[in-house]
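Colleague: Sequence and predicted model, in that order:
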Amino acid sequence: MTHHTGGEHGTGNAPSDGEPKVIDNAVSGPEVTLSGGILLSRDAIVDGAAKLDGAVEVTNHGHVGDSAVVSGSVRIDGHGEVIGQSSITGTDIHVGDGAVISGNAVIVGEGIDIKARAKVSGNHRVGSGAQLLHKDHVYSWSGGHDGDWTVFRTSGGGSNGIEGEGIETIADIEHNDRAPHELKKVVKNHVWE
């Protein structure tokens with residue numbers, strides 16, 4: 001697949017000694033479970049019954065709440081939110097710049113980058129090294145539509161993302177910066193190219 005360039009990934013600043021660290025006005029709620037090399041800093045909020053495990057870094061007003069589960073090498077920053085019963089598991093995953101992961105969304109894989117006001121909500125499963133909305137790029141989708149999912153954009157660069165109930169994206173999402181039409185999706189065992 002075609003990986004983006006120039007993005008920041010992973011949790012290079014997460015503590016390596018396995019002890020969670022909460023600094024710089026970060027907040028960890030009473031029902032929260034933290035284990036492994038967790039770093040909460042710069043006004044991060046983890047509340048509700050959220051569970052963080054592994055080399056997870058939440059910073060820059062990032063928020064993990066409700067019953068969300070985040071594990072592996074994950075960085076949430078730039079007002080990124082993981083809320084509801086969402087789950088993010090994998091390696092080198094970055095949620096930031098106002099991205100919102102909510103509902104029952106499940107993000108699984110490696111090198112996943114969800115940024116720039118992206119929204120992933122509802123009952124979704126995204127995996128296999130998917131990249132959603134690289135940096136400031138927003139992709140339109142002109143392929144088939146079965147009534148249950150939408151990939152959309154606004155000409156003014158406003159809110160954008162993948163929304164709808166029952167979305168299951170289980171194959172690679174590919175793009176390069178010069179050819180947004182190369183975005184490929186496998187949704188509910190249908191392929192549009």
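Modeller: Received it, and whenever you're ready, just let me know what you need.

Colleague: low pLDDT regions in the chain?
Modeller: Counting by pLDDT under 70, the chain contains low-confidence ranges at 1-17, 115-119, 121-193.

Colleague: now do 50
Modeller: Low-confidence segments of the chain, defined by pLDDT under 50: 1-10, 128-161, 164-193.

Colleague: so how far is residue 39 from residue 101?
Modeller: 19 Å (C-beta to C-beta, to the nearest Å). For glycine as for every other residue, the C-beta is placed from the backbone atoms N, C-alpha and C.

Colleague: more crowded one of those two?
Modeller: Using other C-beta atoms under 10 Å as the criterion, residue 101 and residue 39 rank with residue 101 on top: 29 against 24.

Colleague: so residue 67 sits right up against residue 33, yeah?
Modeller: No: counting by C-beta atoms under 8 Å, residue 67 sits too far from residue 33 to count as a contact (10.7 Å).

Colleague: Can you pull the residues that touch both of these two?
Modeller: Taking C-beta atoms under 8 Å, 6 or more residues apart in numbering as the contact rule, residue 67 and residue 33 both touch 49-51.

Colleague: Return the members of these classed as buried.
Modeller: 50-51 (16 or more other C-beta atoms under 10 Å).

Colleague: For residue 27, state which of the shared contacts of residue 67 and residue 33 is nearest.
Modeller: Nearest to residue 27 among the shared contacts of residue 67 and residue 33: residue 50, at 11.4 Å, using C-beta to C-beta.

Colleague: Contacts only, for the closest one.
Modeller: Counting by C-beta under 8 Å, 6+ apart, residue 50 touches 29, 31-33, 64-70, 82.

Colleague: now, which of the residues you listed sits nearest residue 105?
Modeller: Among the contacts of residue 50, and counting by C-beta to C-beta, the member closest to residue 105 is residue 82, at 8.4 Å.

Colleague: ok, how many other residues are close to that closest one?
Modeller: 30.

Colleague: Pairing partners for it in the sheet, please.
Modeller: Beta-bridge partners of residue 82, counted by DSSP bridges, are residue 64, residue 101.

Colleague: my read: residue 97 touches residue 80, true?
Modeller: Yes: applying C-beta under 8 Å, one finds residue 97 in contact with residue 80, separated by 7.0 Å.

Colleague: out of the two, which sits in the busier spot?
Modeller: For residue 97 versus residue 80, neighbours defined as other C-beta under 10 Å are more numerous around residue 80 (26 against 18).

Colleague: Who are the contact partners of the more buried one?
Modeller: Counting by C-beta under 8 Å, 6+ apart, residue 80 has contacts 62-63, 95-101, 114.

Colleague: need those in JSON lines with distance to residue 89, can you?
Modeller: Shown next, in JSON lines, are the contacts of residue 80 (distance: C-beta to C-beta, whole Å):
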{"residue": "62", "distance to residue 89": "17"}
{"residue": "63", "distance to residue 89": "18"}
{"residue": "95", "distance to residue 89": "13"}
{"residue": "96", "distance to residue 89": "18"}
{"residue": "97", "distance to residue 89": "21"}
{"residue": "98", "distance to residue 89": "22"}
{"residue": "99", "distance to residue 89": "17"}
{"residue": "100", "distance to residue 89": "18"}
{"residue": "101", "distance to residue 89": "12"}
{"residue": "114", "distance to residue 89": "14"}
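
Colleague: Alright, that wraps it up for me.
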